[in-house]
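**Student:** here is my input; please provide its structure:
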Amino acid sequence: MPVIKPVNGRFPQVPEDCFVAENATIVGEVSMGSQCSVWFNAVIRGDVHFIKMGDKVNIQDGAVIHATYQKSPTTIGNNVSIGHNAIVHGCTVHDNVLIGMGSIVMDDCVIESNSIIAAGAVVTKNTVVESGSIYAGVPAKKVKDISEDLISGEIDRIANNYVKYSSWFQEA
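**Tutor:** Residues are numbered from 1 along each chain as shown. Model (predicted):
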């Protein structure tokens, strides 16, 4: 059974159509939209501030979602994929975003819609990632604009695939 527990009287809100892996952890003030998935060893810790997720968000294996005490909540829009072992901390992620594997998004960043954070990138505090762009590197910088093919071929495809993958586990 996953760890889903309240902290200081604040309970996670996980809709029935979401998949949460057996060893995932969701604690505190966390609200999830429909068709979300939280994968193996992922942690969503809403103990120090709230975490709000929209619809069709997937938090892949080993990812950590957290916030900064009384200062920076984490808000994640719709149709967002958070890659394996990524860290998303005290920031705002808009709709239709792919956060690549092993990347880090730090406090008070804003990742605008239709954007990709490349695998291994480090988006430093207060960075605003422009809508329709790819950021990569350490520290992350804009490397190019996103084509419509990347939006539908990567961002949408991955989010939709994770809805499909989660259905495999809900049937088991």
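
**Student:** give me the neighbour count for the closest residue to Asn58 other than its chain neighbours.
**Tutor:** Counting by CB to CB, 6 or more residues apart in numbering, Asn58 lies nearest to Tyr162, which is 3.6 Å off, once chain neighbours are set aside. Glycine gets a C-beta too; all of them are placed from N, C-alpha and C. Number of residues near Tyr162 (other CB atoms under 10 Å) recorded here: 22.

**Student:** tell me the secondary structure for Tyr162?
**Tutor:** helix (DSSP: H, G, I helix; E, B strand; the rest coil).

**Student:** ok, now which ones touch Met32?
**Tutor:** Each residue near Met32 by CB atoms under 8 Å, 6 or more residues apart in numbering is listed here: Pro12, Gln13, Val14, Pro15, Cys18, Val38, Met53, Val57.

**Student:** the fourth one: how many residues sit nearby?
**Tutor:** It stands for Pro15. By other CB under 10 Å, the residues close to Pro15 number 12.

**Student:** ok so, going back, so what's the residue nearest to Asn58 up against?
**Tutor:** Taking CB under 8 Å, 6+ apart, one finds Ser37, Lys56, Asn58, Gln60, Ser81 in contact with Tyr162.

**Student:** in the chain, what helix or strand scores lowest on average pLDDT?
**Tutor:** In the chain, the helix or strand scored least confidently by mean pLDDT, DSSP states H and E is helix 148-150, which has a mean of 83.

**Student:** so which residues of the protein form helices?
**Tutor:** 148-150, 157-171 (DSSP state H).

**Student:** ranking these by burial, who's on top?
**Tutor:** Highest mean neighbour count of the helices of the chain: helix 157-171, a mean of 14 (counted as mean count of other CB atoms under 10 Å).

**Student:** report the distance from that helix to the chain centre.
**Tutor:** Here helix 157-171 is found 15 Å from its chain centre; the criterion is CA atoms, centre = their mean, to the nearest Å.
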